[in-house]
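Asker: next one to model:
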Amino acid sequence: MLPDWLEPPPEALAGLNASEEEAGAALACEAPGIRQFAALLSPRADALLETVAQRARDATARHFGKTIALYAPLYLSNLCGSGCAYCGFASDRRQARRTLGAAQIDAELDALAAKGFEEVLLLTGERTARAGFDYVLDAVARAAARFHLVTVESFAMTAEEYGALARAGCTGITLYQETYDPEVYAAVHRWGPKRDYRFRLETPARALAAGMRTAGLGVLLGLAEPRRDALRLFRHVEHLRRRYWQGGIAVSFPRIRPQRGGFTPPHPVDEKLLARIILAFRIAWPDLPLTLSTRERAEFRDGMAGLGISRMSIESRTTVGGYRGGAEESGGQFEVCDQRDLRGFCAALEAKGLQPVFKNWDAVYR
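Answerer: Reported below is the predicted structural model:
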């Protein structure tokens, strides 16, 4: 049984099939809610795409200026005891496994700092004996000594654990529900602690209540019907912003990429639909940080930068130990599409009149 706050109202579900006129009315609304958001996801809204994009661009510039915040992901371990059907780290995937030791973590962090990054996202697989809470806590402390912003994308934790991470210097978490469809969720999470839908669903709330500054949400587009997942993601954002207004919410838009195991998305999402979802979120939530990772093509990322997206990763490695060598010793979680280096990516942003931003937060405010 899903909580009431997660289910979209019937009129929002009906809005997914809105006419062009209804989509136009939604676009003209000064304070769009979930009904207008749904109408902007309607296929008939494609006829208004240029106007939708212009409004999204204006909203992005008004709240974020002509800036794109940059961060780098750092994979600490690809050990995992879960059986997520779509993930290259699932425990039944045949690949070399690796966990960075303390000296290796320091070397990776130093390599990223030398490139100029001020924000790092630390990633692991699901909780294991070798890469559990204490391991993540130590990595956070090491990262916080070097970076102003340290966030974690890892296994779901308790409120007490998130409080300890916050005290060690962690400023936020990213944790995707993957899909809000409970039947699909049960089917793709074949074994392991991640099968607990409600525990995962309530994790961002626990993190914010424990003192985290931000919580990043998202769905893995392609697992379930994407527009319905987007509606529930909207409701999740709405719920958290109402209850934890002191904290910040961000949204990412990952699509399934090729990975070990060869999982094929049952609901493939093309770039036009992905763009429509991103633009609808920007119009409905003008001040919400929206993130697009290197899963996407360079040309698509360049097009969405400043149009709705305000935050991006670059020079991403989904292997363990990918920044200082040794990446061949482990397998990646998925294939990276945008493989430009930092200099080339920043040049592309500047050519569009956008400013790459490495620091928008100071560690003193922790």
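Asker: what's the closest non-adjacent residue to A107?
Answerer: Spatial nearest neighbour of A107, chain neighbours left out: R324 (4.9 Å); criterion: CB to CB, 6 or more residues apart in numbering. C-betas here are computed from N, CA, C, even on glycine.
Asker: what of V188?
Answerer: A85 (4.5 Å).
Asker: state the phi and psi torsions of that neighbour.
Answerer: According to degrees, to the nearest 10, the main-chain angles of A85 amount to phi -60, psi -20.
Asker: for the residue nearest to A107, what are its contacts?
Answerer: Contact analysis of R324 by CB atoms under 8 Å, 6 or more residues apart in numbering lists 104, 107-108, 111.
Asker: can you rerun that using 6 Å?
Answerer: Residues near R324 by CB atoms under 6 Å, 6 or more residues apart in numbering: 107-108, 111.
Asker: before we move on, what about R257?
Answerer: 295, 334-335.
Asker: most neighbours among these, which one is it?
Answerer: R295 (22 neighbours; other CB atoms under 10 Å).
Asker: which helix or strand contains that residue?
Answerer: For R295, there is no host helix or strand (DSSP states H and E).
Asker: on the three-state scheme, the residue nearest to it when sequence neighbours are not counted is what?
Answerer: Spatially, and ignoring its direct neighbours in sequence, R295 is nearest to R257 (5.1 Å; CB to CB, 6+ apart). Under DSSP: H, G, I helix; E, B strand; the rest coil, the three-state class of R257 is coil.
Asker: from now on call the first residue 155
Answerer: Shifting the count to begin at 155 puts that one at R411.
Asker: below-threshold pLDDT in this protein: ranges please.
Answerer: 479-487, 515-520 (pLDDT under 70).
Asker: any idea which residue is closest to the centre of it?
Answerer: With distances taken as CA atoms, centre = their mean, the residue of the chain nearest its centroid is S406 (3.4 Å).
Asker: doesn't Y240 belong to a helix?
Answerer: No: with three-state DSSP as the criterion, Y240 is located in coil rather than a helix.
Asker: tell me the contacts of it?
Answerer: Contacts of Y240 by CB under 6 Å, 6+ apart are 342, 410, 417.
Asker: mind running it again at 8 Å?
Answerer: 332, 342, 374, 376-377, 410, 413, 415, 417, 419.
Asker: what does D383 give?
Answerer: 333-335, 373, 375, 377.
Asker: and of these, the nearest to A207?
Answerer: L375 (19.2 Å; CB to CB).
Asker: any idea what that closest one is bridged to?
Answerer: Using DSSP bridges, the bridge partners assigned to L375 are R409.
Asker: any idea how far H421 is from it?
Answerer: 8 Å (CB to CB, to the nearest Å).
Asker: picking up where we left off before, could I get the contacts of R478 as TSV with secondary structure?
Answerer: Listed next are the contacts of R478 as TSV, based on three-state DSSP:
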residue	secondary structure
A261	helix
E262	helix
A265	helix
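Asker: can you pull out the helices in this protein?
Answerer: Secondary structure of the chain (DSSP state H): helices at 164-169, 174-182, 188-194, 203-218, 256-269, 287-298, 313-322, 336-342, 351-355, 357-363, 380-397, 425-438, 452-458, 496-505.
Asker: closest to F243 out of those helices?
Answerer: Using CB to CB, the nearest of those to F243 is helix 336-342, at 13.8 Å.
Asker: which other helices and strands contact the closest one?
Answerer: Other helices and strands packing on helix 336-342, by 3 or more CB pairs under 8 Å, 6 or more residues apart in numbering; DSSP states H and E, are helix 351-355.
Asker: count of neighbours near the residue nearest to L377 when sequence neighbours are not counted?
Answerer: Spatial nearest neighbour of L377, excluding adjacent residues (CB to CB, 6+ apart): T333 at 4.2 Å. T333 has 27 neighbouring residues, counting by other CB under 10 Å.
Asker: quick one, what contacts T333?
Answerer: Per CB under 8 Å, 6+ apart, neighbours of T333: 339, 342, 373-374, 377-378, 383.
Asker: thought R386 was touching P162?
Answerer: Yes: using CB atoms under 8 Å, R386 makes contact with P162 at a distance of 6.6 Å.
Asker: got the angle between the longest strand belonging to the chain and helix 203-218?
Answerer: Counting by DSSP state E, the longest strand found in the chain is strand 221-229. Going by axes from the mean of the first three to the mean of the last three CA atoms, to 10 degrees, strand 221-229 is angled at 80 degrees with respect to helix 203-218.
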